[in-house]
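> got a predicted structure plus its sequence, pasted below:
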Amino acid sequence: MPKVVIDFFPHSARRYGAGWTVVAVDVFRATTTACTAVAMGRRCFPAATAAEARRRAHDMNALLAGELGGASVDGFDLGNSPADLAARHDVERPVVLLSSSGTALIRAASDAGEVYAACLRNTTAQAYRLRRRAAQVALIGAGSRGEVRMEDELACARVAEALIGWGFTPDLETAAAVTRWSRVPADVCASGRSAAYLRTTGQERDIDFVLHRIEDLDRVYVMRSGELVAEES
């Protein structure tokens, strides 16, 4: 019987080994930024540390994008902003992406059989992909400062609800999360703490970017040899 769980925080990813498929979710903003980069035709390399990000970017003349603790990083070309990245036209340049939670989660899940990055742009596509090929699915929200973020739980619950409808078995916490978020519109995310932080720091354009691109991608994005790539259908 296939099963699905919802979990949170980068350190939790290490619970899920070779028999699991992990889906990393950081709606505001890392996995949205990463999926957007690849959807535009740009290569994307999630990094675990600033030192690794700088080294990778130097080796391939890549853009450095990201944040640490919500703050910009010295020497980076831009922040962890899907809106800013989407506005650039130099898609031939790869991007090395760093974030406090989202890319840390992606990299922490490296022991899993497969690792995907998903966001509110592609929860339906992600669910269909998991239905076809996964037996044990862990949907992991990145969280921030030890707190679960509503937008991540909502996105995870959307994928889990579809899988449960197709016969996947949830644990009690996952079933409760699906019930809590079922039929809740995505624009509720604008009222959360993450959105409030973006407003107070002048980054509200990323709220608009996320909420005006719900389910507009029909691809899924998987880690292969340290790079996030669009998976072939």
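Arrived safely.

> what's the biggest helix in this protein, counting residues?
Longest among the helix segments of the chain by residue count, using DSSP state H, is helix 150-165.

> list the helices and strands the helix or strand that comes right after that helix packs on?
As assigned by DSSP states H and E, the chain's next helix or strand after helix 150-165 is strand 169-170. If you count contacts as 3 or more C-beta pairs under 8 Å, 6 or more residues apart in numbering; DSSP states H and E, strand 169-170 packs onto strand 3-8. Where C-beta positions appear, they are placed from N, C-alpha and C, glycine not excepted.

> list the buried residues of the strand it packs on.
In terms of neighbour count (16 or more other C-beta atoms under 10 Å), strand 3-8 has its buried residues at 3-8.

> list the helices and strands that strand packs on?
Strand 3-8 packs on strand 136-141, helix 150-165, strand 169-170, helix 172-181, going by 3+ C-beta pairs under 8 Å, 6+ apart.

> just how off-centre is the longest one within its chain?
Okay, so that is helix 150-165. Computed by C-alpha atoms, centre = their mean, to the nearest Å, the chain-centroid distance of helix 150-165 equals 13 Å.

> and that helix, what's its mean pLDDT?
Per-region confidence: helix 150-165 scores 98 on mean pLDDT.

> tell me the contacts of the one residue sitting closest to the centre of the chain?
When C-alpha atoms, centre = their mean is applied to the chain, the residue found nearest the centroid is residue 31 (2.8 Å). Taking C-beta atoms under 8 Å, 6 or more residues apart in numbering, we find residue 31 in contact with 24-25, 102, 106, 117-119, 142.

> which element is residue 124 on?
helix 123-133.

> who's in contact with that helix?
4, 21, 23, 116, 118, 137, 155, 158-159, 162-163, 166, 215, 217-220, 231.

> please repeat the previous calculation with a cut-off of 10 Å.
Residues from elsewhere that reach helix 123-133 (C-beta atoms under 10 Å, 6 or more residues apart in numbering): 2, 4, 21, 23, 25, 27, 35, 114, 116-119, 122, 137, 139, 154-163, 165-168, 186, 214-215, 217-222, 231, 233.

> what subset of those is buried?
4, 21, 23, 25, 27, 35, 114, 116-119, 122, 137, 139, 154-163, 168, 186, 214, 217, 219-222.

> going by neighbour count, list what's buried in the helix or strand of the chain with the lowest mean pLDDT.
Sorting the helices and strands of the chain by mean pLDDT, DSSP states H and E puts helix 50-60 at the bottom, at a mean of 92. Across helix 50-60, burial judged by 16+ other C-beta under 10 Å covers 50, 52-54, 56-57.

> and those residues, which is closest to residue 67?
Of all these, residue 67 sits closest to residue 50, with 10.2 Å by C-beta to C-beta.

> okay, now the unreliable bits of the protein?
233 (pLDDT under 70).

> ok so, going back, how about the residue nearest to the centre of the chain, secondary structure?
Secondary structure, DSSP: H, G, I helix; E, B strand; the rest coil: residue 31 is helix.

> residue numbering should commence at 644 henceforth.
Okay, using 644 as the starting number, the last item reads as residue 674.

> before we move on, the earlier item: distance to residue 753 for the buried residues of helix 693-703 - can I get that in JSON lines?
Output for the buried residues of helix 693-703, formatted as JSON lines (distance: C-beta to C-beta, whole Å):
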{"residue": "693", "distance to residue 753": "19"}
{"residue": "695", "distance to residue 753": "13"}
{"residue": "696", "distance to residue 753": "16"}
{"residue": "697", "distance to residue 753": "20"}
{"residue": "699", "distance to residue 753": "16"}
{"residue": "700", "distance to residue 753": "20"}
